[in-house]
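Peer 1: Below: sequence and its predicted model.
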Amino acid sequence: MSQPLLSVRGLRKRFGGLIATDSVDLDVVEGEIHALIGPNGAGKTTLLTQLFGELSHDAGEIRLEGEAIDALATPQRVRRGLARTFQINQLLPDFSMLDNVALAVQARQGHSFRFFANARRDKGLRQRAREHLTAAGLAHRAEVRVADLSHGEQKQLEFAIALACEPRLLLLDEPMAGLGHAESEQMVAMLLGLKGRVTMLLVEHDMDAVFALADRISVLVYGRIIATGTAEEIRDNQDVRTAYLGEGDA
Amino acid sequence: MTLVLEQLLNGLQFGVMLFLLAAGLTLIFGIMGVINLAHGSLYMVGAYAAAFAAAQTGSVIIAIFAGLAAAALAGMAMELFVLRRLYARDHLDQVLATFALILIFNQGVTILFGRQPLFVSVPPALNGSVELLPGLIYPVYRLIIIAVGLAVALGLYLLINRTRIGMLVRAGATHREMVRALGVDIRLLYTAVFGLGALLAGLAGLMAGPILAVQVGMGEQILIMTFVVVVIGGVGSIRGAFFGALLVGLVDTSLRAFLPGLLRQVMAGSEADALGAGLASMGIYMLMAVVLLVRPKGLFPANV
Amino acid sequence: MALLALALGLVALPFLVQALGQPALVPLATRVLIYAIAAASLNLALGFGGMVSFGHAAFFGVGGYVVGILYRTYVDDGLFLGLIPGTSQLLITLPAAILVGGLLALLIGALCLRTSGVQFIMITLAFAQMLFFLFVSLKAYGGDDGMTIRRRNELFGLNTRDDITFYFICLAAAVLVFLALWRIIGSRFGMVLAGIRQNERRMAAIGIAPYHYKLAAFVISGMGTGLAGALMANYLRFVSPDMLHWTKSGELMIMVILGGVGTLLGPLFGAAALVILETVLTSWTEHWQLILGPILLLVVLFTQGGLNGLFSRLGIGRSER
């Protein structure tokens, strides 16, 4: 196996007396969908948040393509090829769907210290943004204000924005949460379509989705990774069964 | 040496006054998330009510009672009619509404008492001076202010760290949502905290009467310095308000006392005095800038 | 359409009021325009960038002092700080005021933007107050009393003393400022700024670090406010620490709020409303603030979106959001 795309070693984070992340080692290799599962409160989102640089860690190291990114702030990590979606939608509510994606395209193109030309009439931005919306199946709703969208649509928009960042590694924080059955299937299909082109670290509670998508699975319990392996290996792993699957998947 | 000690005491005295205001301001912000520009108006109300009562009755006790009662009543009216509607609003609305309150309070007081400053004499019983150290003679009244201020600080410390209300206040300052979730009557807590803040502001105002002129605008002058205290100490932190207030009090007082003298050694007397006074007024803002550069959240941030 | 009517109205206004035998309204309209420039500039930071600055009087006053100090230096035939010759040419003093306003905003903004929320409000206020005290202590430039500027700055041999001429100078400046703001708001930069106001976390997640964009907006805002201050010093032929007083910051915020936060033309309506209200109320009573206070309170508590929002809800004019 060549050098992993993302490599985490000995990552630790503690809040007062609570250890949120306890010596986490994790490798995500180029092209895979790597699922991160674990019971509620295991620290999955906290781990993503640290990888993305929104929360600093106390000890350990995060490398992207072999280079340490620990000292980088979130925007710099994004420029290095990270992107994430949020479990609780983080969108620009006064803007339309198209505006939201166009801003990501704009950010991707470089700095935004341009003060004169109208950005909403910028063909380069709008066209590209429309393509991303079309790919996400949202093109017909492009001009709708985000505040007026349904939860499911917002969730899909989160995803479209993340893709507009053209990431090397996409961190997905429960993309299926709150979606209806049909919407979930749509999302799974979309992720499958991207498989191989974009590497993904997927936090998800929906086990059907996880087993359908993931090449490898890591199990996080109380801030520790207790097992990593293929779907079969995880299913058969005794520790995982007692610590997690035995308790039922919340 | 005695001069330095005297100025240190002056700084301490000014510091505890600032603390009385800053404690209320920082608590109100910490618990309710409201920035209250009209906090200085409560200070003014306390000062005017006490001055008026003292002039009418000649009784110190009645004056103290009047000052505290007026400030507390004004504060509760303020909370009931205006601030209560602002808790969920953004800071901009809060700033504008409480700015409007300042206009109303200032004009109201101007109509009632005129534009001339009121002068209040120190109560006769406290009018003496004591020799603290050989050569260091200090007014009793100012010592009493320091004592009252420190007593209040101790009282607040005990209230916040030893009582159930204090527990809620502490929790409220850092985890507003959690306190709401605990099913505490948040309205009552808000009113209590606001009343306490108003009371402390009134106390500062009534004590300030005999050493400063009681006039319209006195509230804003000290309010802006109180902001500096709150920012230096860390928004929402009582401990920060205490140390911030003492720091600002000491720095401001000593700059005012010593800077013109220092400047006079390098330039003409009148110019040195003017520039010294100006630079001394700027001193605490510089201090704030430095603190911010080093610790953007203040010296004792409430939300760790 | 409404915009065209507004423009025509503003051009025709001085002639109209003269025909109506109310020439005193021209200076009043001039004041409205100057405050509109200041309020619109503040609005870029406050309404579009979400930075609640309570210290914009600093830029306003310093803009005024640029005119005052340059004029004083010009009259004395000296050098300011031993370096800069004085001038009374509007084409130099205005850009100078814009430059100084921008530099000051860069300095203050760079520090203040390390914080946010309520701290930002308090700190901008404190910095403005610091400058207030600085100018109070500068006896060479009038200290507390301020200084008079005997003659307005010159421009192409025009008679700037004439009220109508000066009105059109201010109108031209206002048009330029509003055009510039209009372009900025719609530009890539403007989109980023609006995005930062709505959700900084989202902006970081698409790779945009908010600090420098906010700082740039703050600087532009300071430049426009400095320009307004320079015009005001010319208008009054007087500059004093009053222009730096914290209540001036409050007034500018009131104009923005009255007109509607985050709308392009709102500040113009807000400035007009406050200036006219103040003029009318002071003619009634010296305690006019006792009337202004409750009005302001009602506006904040019971209307959303100020006058502009009110207009558009009533179907008059259009919202610029």
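Peer 2: Arrived safely, thanks for sending. Numbers count the residues shown, from 1 in each chain, chains lettered A, B, ... in the order given.
Peer 1: got a pLDDT number for residue 131?
Peer 2: Here I'm looking at chain A. Looking at A:Glu131, its pLDDT is 89.
Peer 1: my bad, the chain I had in mind was chain C
Peer 2: For C:Leu131, the pLDDT comes out at 91.
Peer 1: got any ranges where the stretch 151-300 of chain B has weak pLDDT?
Peer 2: B:170, B:172-185 (pLDDT under 70).
Peer 1: Please list the residues of it that sit near chain C.
Peer 2: B:220, B:224, B:227-228, B:230-231, B:235, B:270-271, B:274-275, B:277-279, B:281-282, B:285-286, B:288-289, B:292-293, B:296-298 (CB under 8 Å from any CB of the partner chain). All C-beta atoms are positioned from the backbone trio N, CA, C, and that covers glycine.
Peer 1: Just the buried residues from the residues you listed, in ChimeraX please.
Peer 2: Command for ChimeraX, covering only those of these found buried under the criterion 16 or more other CB atoms under 10 Å in any protein chain shown:
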select /B:220,224,227,228,230,231,235,274,275,277,278,279,281,282,285,288,289,292,296,297,298
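Peer 1: Now do the contacts for the spatially closest residue to C:Cys170 that is not a sequence neighbour.
Peer 2: In space, C:Cys170 comes closest to C:Leu33 once its chain neighbours are excluded; the distance is 4.4 Å by CB to CB, 6 or more residues apart in numbering or on different chains. For C:Leu33, the contact set (CB atoms under 8 Å, 6 or more residues apart in numbering or on different chains) comprises C:Leu10, C:Tyr167, C:Cys170, C:Leu171, C:Ala173, C:Ala174, C:Ala271.
Peer 1: Surely C:Leu33 is within a helix?
Peer 2: Yes. The assignment for C:Leu33, made by DSSP: H, G, I helix; E, B strand; the rest coil, places it in a helix.
Peer 1: need the helices for the stretch 151-300 of chain B, in chain order.
Peer 2: B:164-174, B:176-181, B:186-208, B:218-233, B:238-264, B:269-294 (DSSP state H, counting those that start in this stretch).
Peer 1: So C:Gly262 versus chain B, what's the distance?
Peer 2: According to CB to the nearest CB, to the nearest Å, C:Gly262 and chain B sit 10 Å apart.
Peer 1: Surely that residue is in contact with C:Ala45?
Peer 2: No. Counting by CB atoms under 8 Å, C:Gly262 does not reach C:Ala45; the two are 10.9 Å apart.
Peer 1: now whichever residue of chain C sits closest to chain B, nearest residue through space, not along the chain?
Peer 2: As assessed by CB to the nearest CB, chain B sits closest to C:Ser137 within chain C, at 1.9 Å. Spatial nearest neighbour of C:Ser137, excluding adjacent residues (CB to CB, 6+ apart): B:Gly278 at 1.9 Å.
Peer 1: That neighbour touches C:Leu134, doesn't it?
Peer 2: Yes. At 5.8 Å, B:Gly278 and C:Leu134 qualify as touching, with contact defined as CB under 8 Å.
Peer 1: Now do the contacts for B:Leu259.
Peer 2: Taking CB under 8 Å, 6+ apart, we find B:Leu259 in contact with B:Gly276, B:Ala277, B:Leu279, B:Ala280, B:Gly283.
Peer 1: could these go into TSV alongside distance to B:Leu250?
Peer 2: Putting those into TSV (distance: CB to CB, whole Å) gives the following:
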residue	distance to B:Leu250
B:Gly276	17
B:Ala277	18
B:Leu279	17
B:Ala280	13
B:Gly283	11
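Peer 1: quick one on the thing from earlier: per-residue confidence at the residue nearest to C:Cys170?
Peer 2: The model reports C:Leu33 with a pLDDT of 94.
Peer 1: For chain A, see how far away it is.
Peer 2: Taken as CB to the nearest CB, the span from C:Leu33 to chain A is 23 Å.
Peer 1: any weak-confidence spans in chain A?
Peer 2: Using pLDDT under 70, chain A drops low at A:1-2, A:244-250.
Peer 1: redo that, cut-off 80
Peer 2: A:1-2, A:16-17, A:40-41, A:111, A:240-250 (pLDDT under 80).
Peer 1: Flag every residue of it that's near chain C.
Peer 2: Counting by CB under 8 Å from any CB, the residues of chain A near chain C are A:52, A:54, A:73-76, A:78-79, A:83-84, A:86, A:90-95, A:99, A:102-104, A:106-108, A:112-120, A:122, A:125, A:161, A:164-165.
Peer 1: For chain A, which residue gets nearest to chain B?
Peer 2: For chain A, CB to the nearest CB, closest residue to chain B: A:Gly16, 8.6 Å.
Peer 1: for the contacts of C:Leu33, which one is nearest C:Ser283?
Peer 2: For the contacts of C:Leu33, the minimum distance to C:Ser283 (CB to CB) is 18.8 Å, reached by C:Ala271.
Peer 1: Return the distance of the closest one relative to C:Asp162.
Peer 2: Shown here: C:Ala271 relative to C:Asp162, a distance of 23 Å by CB to CB, to the nearest Å.
Peer 1: More neighbours: which of those two?
Peer 2: Under the neighbour definition other CB atoms under 10 Å in any protein chain shown, C:Ala271 and C:Asp162 were set side by side, and C:Ala271 has more, 29 against 12.
Peer 1: and chain C, which of its residues are near chain A?
Peer 2: C:183-184, C:186-192, C:194-195, C:198-199, C:201-209, C:213, C:216, C:321.
Peer 1: Can you turn the buried part of those into a ChimeraX selection?
Peer 2: The buried residues among those can be selected in ChimeraX (16+ other CB under 10 Å) with this line:
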select /C:184,186,187,188,189,190,191,192,194,195,198,199,202,203,204,205,206,207,208,209,213,216,321
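Peer 1: Mind checking which of the residues of chain C next to chain A land in helices?
Peer 2: With helices defined by DSSP state H, the entries of those inside them are C:183-184, C:186, C:188-192, C:194-195, C:198, C:201-205, C:213, C:216.
Peer 1: what residues are up against the most centrally placed residue in chain C?
Peer 2: Using CA atoms, centre = their mean, the residue of chain C that lies closest to the mean C-alpha position is C:Ala38, 1.0 Å off. Shown in contact with C:Ala38 (CB under 8 Å, 6+ apart): C:His56, C:Phe60, C:Gly224, C:Thr225, C:Ala228, C:Gly229, C:Met232, C:Leu252, C:Met255, C:Ala271.
Peer 1: May I ask you to confirm that the last one is in contact with C:Val32?
Peer 2: By that I understand C:Ala271. Yes. Here C:Ala271 reaches C:Val32: they are 5.2 Å apart, a contact under CB under 8 Å.
Peer 1: For chain C, give me its nearest residue in chain A.
Peer 2: Closest point on chain A to chain C, by CB to the nearest CB, is A:Val78, at 3.5 Å.
Peer 1: what's the distance between that residue and A:Glu30?
Peer 2: 18 Å.
Peer 1: likewise A:Gln50?
Peer 2: Distance from A:Gln50 to A:Glu30, by CB to CB: 21 Å.
Peer 1: So those two - more neighbours on which side?
Peer 2: Regarding A:Gln50 and A:Glu30, a neighbour count based on other CB under 10 Å identifies A:Gln50 as having more, with 24 against 15.
Peer 1: Just give the number of residues close to residue 240.
Peer 2: I went with chain A, as the question did not name one. 21.
Peer 1: other chain: chain C
Peer 2: 23.
Peer 1: do the same with the one 10 residues further on
Peer 2: Taking other CB under 10 Å as the criterion, the count of residues near C:Gly250 is 22.
Peer 1: Below-threshold pLDDT in chain C: ranges please.
Peer 2: For chain C, applying pLDDT under 80 flags the ranges C:1-2, C:11-12, C:18, C:21-23, C:77-83, C:86, C:153-154, C:157-161, C:285-287, C:302-321.
Peer 1: let's see it at 50
Peer 2: C:315-321 (pLDDT under 50).
Peer 1: all helices of it, in order?
Peer 2: In chain C, the helices defined using DSSP H lie at C:2-19, C:25-43, C:57-76, C:90-112, C:117-137, C:163-186, C:188-198, C:200-205, C:210-236, C:246-259, C:266-284, C:289-302, C:306-313.
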